[in-house]
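Visitor: below: sequence and its predicted model.
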Amino acid sequence: MKFKVGLTALAFAAGLASMVPAAAQEKPSSLGLGIFTFTSGPAAAYGMPGKNAADLMIDDFNAKGGIEGVPVKPIYVDEAQGAQGVIAEYRRLAGDPKNQVMVAALSSANCLALAPIAEQLQVPTVGWNCDTHQLLIDGKSKYVFRPNGNTIPEFIAYAIYLLDRKPDVKTVAIINPDYAFGHDGANIFKAALKALKPDIQIVAELYPKMGSPNYQTEISRLATMHPDVVFSNLWGADLENFVRQATPRGLFTSSQVILALGETILQRVPLPDGVIVGVLGDGWWMSPDAKANAETAKFAEDYKARFGEYPVFPSIKMANALIYVKAAYKAAMQKNGGKWPTRAEIADAMKGSTVATLTGTTHTRADNDGLVDQIVGVTVKSPDKPFPVIGDMVRYKGDSLMPKADQDPIAWISTLKPEFVKTLPKPGSYK
């Protein structure tokens with residue numbers, strides 16, 4: 001008899017288990033989104049604009065009924081606690097079925113650490129920043145997506161813009177942060193220059209530690225060398241400190257300076273005209289496409305009213321990532337007859353998707369990497385803003401600076417020829 005009761009209990013448990021998938025598709029009372037960014041430490045100068053944008057976008061979503069009728073509840077994770085803490089928080093949030101999607105993360109190192117866990121736990125994870133080209137390089141990801149592009153097109157774009165603007169450049173110095181993003185950025189920029197203008201000399205590569213308060217030693221070396229070009233992908237408080245210290249030393253007058261993340265400090269630190277800057281993608285809120293979009297104009301003004309300054313490109317990246325998530329829910333529900341989607345169905349909806357954003361369009365390739373356009377220009381005075389803006393702009397198409405999904409990116413760059421530059425739009429053509 002006991003044996004029969006055991007079988008009955010097992011059969012009942014199996015019946016309950018078979019009901020779980022159907023129950024999981026009932027609309028929840030709220031939808032949790034794990035959002036990972038830096039909210040403390042030096043990197044918060046970049047990370048907080050992302051959080052601010054998330055707050056603004058989610059409030060707007062909820063005012064309009066949430067995502068597919070479900071209110072959104074953001075759960076923020078501070079990446080400043082380090083990789084182990086970030087991983088622990090990710091696992092904790094992923095254990096709650098109400099938190100179906102993670103928007104993670106800012107740091108490339110954290111993205112690389114979380115990617116295998118996302119695949120293991122089968123949680124759709126949208127890298128809102130995650131620039132490193134290494135993230136999706138094996139082409140096998142099923143649950144990790146990056147809608148905002150990567151370091152390959154981002155830093156090739158600067159090499160092309162530089163050679164169009166200053167074709168006679170001979171010497172280049174690099175000052176980047178001493179970790180993967182800095183070294184990867186330098187390698188991509190150097191590889192592009194070598195392929196497109198082989199006679200260029202790299203006269204210095206300086207890699208100060210992240211969080212350095214003083215750059216006088218590096219600035220002295222650069223000032224002594226007088227390179228034609230100084231390239232940097234410093235960011236956050238590091239970039240602000242470098243610019244404040246380099247300006248009185250005359251670095252911006254003795255060399256053509258390229259600040260790959262320079263748009264983030266235009267409202268905070270005075271920059272002279274002619275500094276080459278961009279937005280690591282298409283996220284410039286004053287681009288012609290952005291200005292033509294009423295939703296983008298409203299987002300920028302609402303952001304200014306709420307946070308005291310206009311959005312910077314990390315803000316736009318976060319906003320566009322959330323638009324991408326919302327579009328995936330809509331597509332998934334349309335596909336499954338209006339039922340609330342599972343995590344697998346959300347991931348399936350992201351694959352191969354094309355989503356209109358605040359600043360353009362993102363197309364998800366077969367390897368889950370996003371194709372977005374690249375905007376680059378130079379600082380110019382603005383007639384109606386108290387800070388420099390980006391002028392003499394160019395907008396390179398997203399697929400024009402990316403290798404195919406199965407190609408080694410650095411090897412692909414080495415195949416580029418000087419004639420390649422002539423096939424692309426010119427500075428000042430984007431108006």
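Guide: Received the coordinates, thanks. From a predicted model like this one, the values you see are computed outputs, not experimental measurements. Numbers count the residues shown, from 1 in each chain.

Visitor: low pLDDT regions in the protein?
Guide: For the chain, the stretches with pLDDT under 70 are 1-25.

Visitor: what residue is smack in the middle of it?
Guide: What sits nearest the mean C-alpha location of the chain, by Cα atoms, centre = their mean, is Asn129, with 2.7 Å.

Visitor: for that residue, give me its contacts.
Guide: By Cβ atoms under 8 Å, 6 or more residues apart in numbering, the contact list for Asn129 reads Thr37, Gly50, Ala105, Leu106, Ser107, Ser108, Cys111, Asn148, Pro314, Lys317. In short, each C-beta sits where N, CA and C put it, glycine included.

Visitor: isn't Val279 right up against Glu263?
Guide: Yes. Val279 lies in contact with Glu263 (Cβ atoms under 8 Å); the separation is 5.0 Å.

Visitor: any residues in contact with both of these two?
Guide: Shared contacts of Val279 and Glu263, defined by Cβ under 8 Å, 6+ apart, are found at Phe313, Ile390.

Visitor: what about Trp285, how many neighbours?
Guide: A count of nearby residues for Trp285, using other Cβ atoms under 10 Å, gives 25.

Visitor: so it makes contact with Pro311?
Guide: Yes. Trp285 is in contact with Pro311 according to Cβ under 8 Å; the separation is 5.4 Å.

Visitor: what touches both of the two?
Guide: With Cβ under 8 Å, 6+ apart, Trp285 and Pro311 have common neighbours Phe299, Ala300.

Visitor: next up, phi/psi of the residue nearest to the centre of the chain, please.
Guide: phi -120, psi -80 (degrees, to the nearest 10).

Visitor: what's next to the strand or helix carrying Thr296, contact-wise?
Guide: Thr296 belongs to helix 294-307 when assigned by DSSP states H and E. Applying Cβ under 8 Å, 6+ apart, the contact partners of helix 294-307 are 52-53, 56-57, 60, 285, 290-291, 309-311, 315, 319, 358-359.

Visitor: which of these are buried? Put it as a ChimeraX command.
Guide: Provided next is the ChimeraX selection string for whichever of the contacts of helix 294-307 are buried by 16 or more other Cβ atoms under 10 Å:
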select :52,53,56,57,285,290,310,311,315,319,358,359
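
Visitor: nearest to Phe242, of the contacts of helix 294-307?
Guide: Closest to Phe242 out of these is Glu309 (20.3 Å), distances taken as Cβ to Cβ.

Visitor: that closest one touches Gln267, doesn't it?
Guide: Yes. Between Glu309 and Gln267 there is a contact at 5.1 Å, judged by Cβ under 8 Å.

Visitor: now the helices for the stretch 101-250 of the chain?
Guide: 108-121, 151-165, 180-196, 216-225, 236-246 (DSSP state H, counting those that start in this stretch).

Visitor: which of these sits most buried?
Guide: helix 151-165 (a mean of 25; mean count of other Cβ atoms under 10 Å).

Visitor: tell me how far that helix lies from the chain's centre.
Guide: 17 Å (Cα atoms, centre = their mean, to the nearest Å).

Visitor: cool, thanks, talk later.
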